[in-house]
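Chemist: Got a sequence here, can you model it:
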Amino acid sequence: MKKNYIIAIGFLFTTTFVFSQNTKNETLKEKQIDGVTLTKTKKAVEQKADRTIFDFSEQAHLNTGNVSEGLKKLPGLIVSDVAGMMYQGKQLDVYMDGRPLNIGGNQLQAFLEGMPANSVERVEIVTQPGSEFPATSGGAIINIITNKNAQKYLSATYTGRYAFTNYEKYRNRTNNSILLNAKNKYFGWQLNFGQNYREAYRESIIDKVSNVFSEQVNRGYFVKSALTFNIGKDRLLVNYDINHNNNDTENSSSGFIANRTGTAPNYIYSIDDYTTKDFGETENWRKDLSATYQIKFDDKNKKLDLNASYNTFDSNYNLDGKKFINSTTQNNNIETTSHQNVATFRIDYSQPIKILDEGKISFGGLFEKLNYDTDFFGITNLEYQRQTTSTYAELQAKKKNFDFILGTRAEAYDISGKTIDLTTGKLTKDLIPFKKFSLFPNASIQYNFGKQVYFALNYNRKIQLPNISWLNPNNTNYQNGNISFGGNPNLQPTIFNNLEAKFSVFDYAFIGYNLSIAENQSIQFAEKKYFFAEKPIIENREAYGVSNGFINVSSMKVHNFNFGLPIPFMLFTKGLKETMKFNINPDKMNFLYVYTGYQLHQLPDNDNKGFWIFNIMAQFILPKDIKLVANYGTMTKGNWYYYRMEKPWMNSFDLTATKKFLNDRLTVSVFANDLFRSNVNAVTSLYNNSNLYLGNNFDSQNFGISINYKLPTKNKLVKEDPNLLKQDKKEDSGLPNQ
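Modeler: Now for the predicted structure:
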C-alpha cells in the first residue's frame, strides 16, 4: 500500500512537471519596462492559493456559445435551475468585471444567456476570498471578466456564431458582437456591443399533477463602453454598460384540479382535468456606471484606488394565461415588476512593509446602499432597503518557504422594509429587521516546496445576504392550477465558516478538501400543497399541487473533495524519459485533463448521500493544425440540499474543432454540444416528506459554427496598454478595481 502511494505521488509530480516545462515562458505576466508591455501565452487553467482561473478568450470549446453555456463546461462548476451556481460545494456570488451583479434566479440566467461567451476574457473563481472582498461574498466568488486590451491604433474584432437544434423541429441560435478600441495621447476608448438570439424547448414533468411544454425565444443585447484618461501619473477609468433581455415563452400544460361541494362532514369530491395555453414575456434592463481614480506612486507596489458606482436593474414579467375546463375558459393573468438600484463607494490602499522577510499591508473601506421594490398589477407589495458599511485590514508576510495572510473585515448592516399585510391588503407589515455589526477574520498559511509547488491551509468567516430575487413575493416563473412560486421577504442572512486544505503542483494539478459550515442557510424547496385539509383520494388521485419557495435552514455542512490532473498523451507513447526532453507547449500538444469532485450535504433530519462530479477534457492536434477538443461532464446520483437526484444534472459530451487562417486573424470553429442528447434532469424533492418528482427534458443538443475575425492593422509592432474596462487590482490575477 505504501509503495502504491509513493508511485501515485511520483506520477502526479512527473506528469505535471512534464506538462508545465514551459510554464516560465507561457505564464500570463506583464512587466512595464520603459513603456513596453510584454504579454505571454495564457494558461487554459491556472491554480492559485485562493482561486482558480479559466481562460475563455483562447478556448473555442468555451467561447462558441453564450456565457451560461461556457460556464457549464468548466470542471467542477455546477449550473442548474435548482442549484443555481456552485463550485466545489460553495454557492457562488456572481461578479462581472470586479463588481457584484446583485441578481439571481431566472434573472441571472437570462442575463448570462444574453451575453456571447466570446465577450469574456477569463473567469476567476475565488474559493477563499480575503478581507479585501466584501464579507457578503459568502463562501466563494465567480468573477466574469469581459475586459480586452486597448491598442494605440484603431482595432476591430468581429465574432459571430450560428447554431441549431433539431429536437422535434429546427430551432435557431445566433450570437454577434463587435469590439472597437483605440488610444491616443489624450485618452483611450473602447466599445463592445452585441446580440444573442436563442430558440429553445423544454418538457417538464411535475410529479403526478401536471406536464408542461414550453417554447422559448430569448433575445439579449449588450453594450460595454469605457474611457480612460491619464492625469499626470494618475489614471481615471470610466465605464458604462447596458444589458437588455426580452424573452417570450409559449406554454402548453395539462393537469387537474379538485372540487368540493356539500357540507361537513358529508363533502362530495370531484376532479376536473384542464389544459392551458399561456404566453409569458420577461423584460430586463441592467445599467451600470462606474468611475475609478487610481493614484500612482513612485513605488509601483504602492496603490490607492477610489471607486464610485451606480447600477439599476428593472424587470417586468407578464403572463397571459388561458385555462380550459369542461368547455369553459378561465383567465390566469399575471403582471409583476421589480426595481433595484445600488450605489457604492470604495477605497483600497496597499503598500509593501517589512514583515519577517517581506510583506504587504492592505486596508480600505466600502459603503453600499441598495433599494429594492416589487409591484403586483401596479400595487407595490415589497419595499426593501439594505445599507452596508465596512472596513478591512490585511497583512501578508513571507518567511523562507512560508507565506502568511492574516486579516479581518468589520461590517455593519442595516436591513429593513415593508411588505403587504394580507389581512388589510396594505403595505404596512414590517420585515424582520437585521441590524448587526460583526467581524469576519481570515487566515492563510502556505508552504512552498519549490516554484509553483505548495500546500496551503485557509480559513475565513463570511456572511451571505439573501438573494434579491428570492425576496420577491411575486411569482416570476410559469404557474398553472397545480404549480405556484413565491419569494420570502423575511429570509435572513447566512453565516459561513469555511476551511480548506489544498496541494497544488505547477498550477495545473491539485488535490484539495474544504468544509463549509453554515448557520441559517437559505435554500429553495418544493413541496406538496393540498387543496383541502383532509387530503382526500379522488379517482385514485391525491388532491394536491406543488408549491415552490425559499426558507432558512438552521444549520448545514458541505464537505467537498476535489482533484485535477493533466496527462500528456506522449507520456504513454514515448515514455517519461523521452517526454521530459520536449519543450512542451500545451497549445501544441495532445493531452487529457481529468477533474473529479465529491460533495456531501449534511442537513438536519435528512439522511443525505454524497455525489461525485467527473469532467474529462481531451485535446488533439490534428493535421493542418486543427485543434479538436472533447469535453465530457457527468455526475452520480446523490442529494443536493433536500433534493435527491434521479438523473444527473450534468451529463453531456461536447466536441469542438478549431482552425486558424490568414496569419491567425481568422478563427473558425465547428461544434456539437450534448452530442448524444444525454442531458436530462430529474430530482425528487424530499422536503417535508413530499417525495415530489420533478423532471426536465430540453434541447441541449445543438450544432453550429463560430468565427472570430480581427481586422488587419498596418502597425503590428505597436504596443498594447493595459485593459481599459478595468485595471487589475493585484498583479497575480486578482479582482479588478471595484
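
Chemist: and the residue located most distally from the centre of the chain, which of the three is it?
Modeler: For the chain, the residue at maximal distance from the C-alpha centroid (Cα atoms, centre = their mean) is residue 266, at 54.2 Å. Recorded secondary structure, residue 266: coil (DSSP: H, G, I helix; E, B strand; the rest coil).

Chemist: what sits against it?
Modeler: With contact set as Cβ atoms under 8 Å, 6 or more residues apart in numbering, residue 266 has no partners. Just so you know, the C-beta spots here come from the backbone N, C-alpha and C atoms, and that holds for glycine as well.

Chemist: Tell me the pLDDT of it.
Modeler: Note on residue 266: pLDDT of 87.

Chemist: Once you drop chain neighbours, what's closest to residue 711?
Modeler: residue 156 (4.5 Å; Cβ to Cβ, 6 or more residues apart in numbering).

Chemist: residues in contact with that neighbour?
Modeler: By Cβ under 8 Å, 6+ apart, the neighbours of residue 156 are 178-180, 710-711.

Chemist: So which of the residues you listed is surrounded by the most neighbours?
Modeler: Counting neighbours by other Cβ atoms under 10 Å, the top entry in these is residue 179, with 20 neighbours.

Chemist: which SS state does that one fall under?
Modeler: Following three-state DSSP, residue 179 is assigned to strand.

Chemist: measure residue 475 to residue 228 for me?
Modeler: Noted for residue 475: a distance of 44 Å to residue 228, by Cβ to Cβ, to the nearest Å.

Chemist: the more surrounded of the two?
Modeler: More neighbours surround residue 228 than the other of residue 475 and residue 228, with 23 against 18 (other Cβ under 10 Å).

Chemist: What's opposite the more buried one in the beta bridge?
Modeler: Each beta-bridge partner of residue 228 is listed here, defined by DSSP bridges: residue 188, residue 237.

Chemist: what do you get for residue 429?
Modeler: residue 419.

Chemist: residues near it, how many?
Modeler: For residue 429, the neighbour count with other Cβ under 10 Å is 17.

Chemist: Distance of it relative to residue 480?
Modeler: As for residue 429, its distance to residue 480 is 28 Å (criterion: Cβ to Cβ).

Chemist: In the stretch 401-550 of the chain, where is pLDDT below threshold?
Modeler: Residue ranges of the stretch 401-550 of the chain with pLDDT under 70: 506-507.

Chemist: hmm, back to that, and which of the contacts of residue 156 is nearest residue 573?
Modeler: Here the nearest of these to residue 573, counting by Cβ to Cβ, is residue 710; it sits at 35.6 Å.

Chemist: So for that closest one, what pLDDT did the model give?
Modeler: 85.

Chemist: got a list of what it touches?
Modeler: Residues in contact with residue 710, defined by Cβ under 8 Å, 6+ apart, are 155-157, 665-666.

Chemist: how does it look with 6 Å?
Modeler: Listed by Cβ atoms under 6 Å, 6 or more residues apart in numbering, the contact set of residue 710 reads 157, 665.

Chemist: follow-up on the earlier one: ok, the residue nearest to residue 711 to residue 648 distance?
Modeler: Applying Cβ to Cβ to residue 156 and residue 648 gives a distance of 42 Å.

Chemist: so where's the chain uncertain?
Modeler: Along the chain, the model assigns pLDDT under 70 to residues 1-42, 49, 80-83, 89, 138, 147-153, 506-507, 576-587, 713-738.

Chemist: all helices of it, in order?
Modeler: Applying DSSP state H to the chain gives helices spanning 2-19, 23-26, 60-63, 67-71, 105-113, 468-471, 570-573, 575-579.

Chemist: which helices and strands does the third one pack with?
Modeler: When you say that, I think you mean helix 60-63. Applying 3 or more Cβ pairs under 6 Å, 6 or more residues apart in numbering; DSSP states H and E, one finds that helix 60-63 makes contact with strand 651-661.

Chemist: now what about the strand it packs on, what contacts it?
Modeler: Defining contact as Cβ under 6 Å, 6+ apart, one finds that strand 651-661 is touched by 60-61, 626-634, 667-676, 678-679.

Chemist: Could you export it as CSV, CA atoms only?
Modeler: Extracted as CSV, the C-alpha positions of strand 651-661 are listed here (Å, rounded to 0.1, in the frame of the first residue of the first chain):
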residue,chain,number,x,y,z
ASN,A,651,-24.3,14.6,-18.4
SER,A,652,-23.0,15.9,-21.7
PHE,A,653,-20.4,15.1,-24.3
ASP,A,654,-19.2,18.1,-26.4
LEU,A,655,-16.9,18.3,-29.4
THR,A,656,-15.2,21.5,-30.8
ALA,A,657,-12.8,21.6,-33.8
THR,A,658,-10.9,24.9,-34.4
LYS,A,659,-8.7,26.1,-37.3
LYS,A,660,-6.9,29.4,-37.7
PHE,A,661,-6.4,31.2,-41.1
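
Chemist: please begin residue numbering at 185 from this point
Modeler: Right, with 185 as the first residue, what we last looked at is strand 835-845.

Chemist: Just grab the bridge partners of residue 852 for me.
Modeler: Here residue 852, judged by DSSP bridges, has bridge partners residue 843, residue 891.

Chemist: what number of residues lie near it?
Modeler: A count of nearby residues for residue 852, using other Cβ under 10 Å, gives 16.

Chemist: Check the gap between residue 443 and residue 506 for me.
Modeler: Separation of residue 443 from residue 506 (Cβ to Cβ): 20 Å.

Chemist: what ranges do the strands span in the stretch 585-734 of the chain?
Modeler: For the stretch 585-734 of the chain, strands defined by DSSP state E, counting those that start in this stretch occupy the ranges 586-605, 610-614, 618-634, 637-648, 667-669, 678-689, 693-714, 721-722, 725-726, 728-752.

Chemist: Show me the strands paired with the third one, marking each as parallel or antiparallel.
Modeler: What that stands for is strand 618-634. Assessed with DSSP bridges, strand 618-634 is paired to strand 586-605 (antiparallel), strand 637-648 (antiparallel).

Chemist: List the buried residues for the last one?
Modeler: Going back to what we said before, that points to strand 637-648. By neighbour count on 16 or more other Cβ atoms under 10 Å, the buried set for strand 637-648 is 637-640, 642, 644-648.

Chemist: now these as CSV including distance to residue 525?
Modeler: Below are the buried residues of strand 637-648 laid out as CSV (distance: Cβ to Cβ, whole Å):
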residue, distance to residue 525
637, 47
638, 43
639, 45
640, 39
642, 35
644, 29
645, 29
646, 25
647, 22
648, 21
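
Chemist: Of those residues, just say which sits nearest to residue 316.
Modeler: Among the buried residues of strand 637-648, residue 644 lies closest to residue 316 (Cβ to Cβ), at 11.7 Å.

Chemist: Strands along the stretch 235-384 of the chain, start to end?
Modeler: In the stretch 235-384 of the chain, the segments counted as strands under DSSP E, counting those that start in this stretch are 235-239, 261-264, 268-271, 274-280, 283-284, 306-310, 324-329, 334-335, 339-351, 353-367, 371-390.

Chemist: Tell me which of those lies nearest to residue 403.
Modeler: Comparing those against residue 403 with Cβ to Cβ, the closest turns out to be strand 371-390 (5.7 Å).

Chemist: on contacts alone, who are the packing partners of the closest one?
Modeler: With contacts defined as 3+ Cβ pairs under 6 Å, 6+ apart, strand 371-390 has these neighbours: strand 353-367, strand 394-415, strand 876-882.

Chemist: in it, what's buried?
Modeler: 372-374, 376-388, 390.

Chemist: go on, stretch 554-574?
Modeler: Buried, per 16+ other Cβ under 10 Å, within stretch 554-574: 554-560, 565-568, 570, 572, 574.

Chemist: Keep only those of those that are in strands.
Modeler: Mapping the buried residues of stretch 554-574 onto strands (DSSP state E) picks out 554-560, 565-568, 570, 572, 574.

Chemist: Greatest separation within those residues: which pair is it?
Modeler: Greatest spatial distance among these (Cβ to Cβ): 560 and 574, at 33.9 Å.
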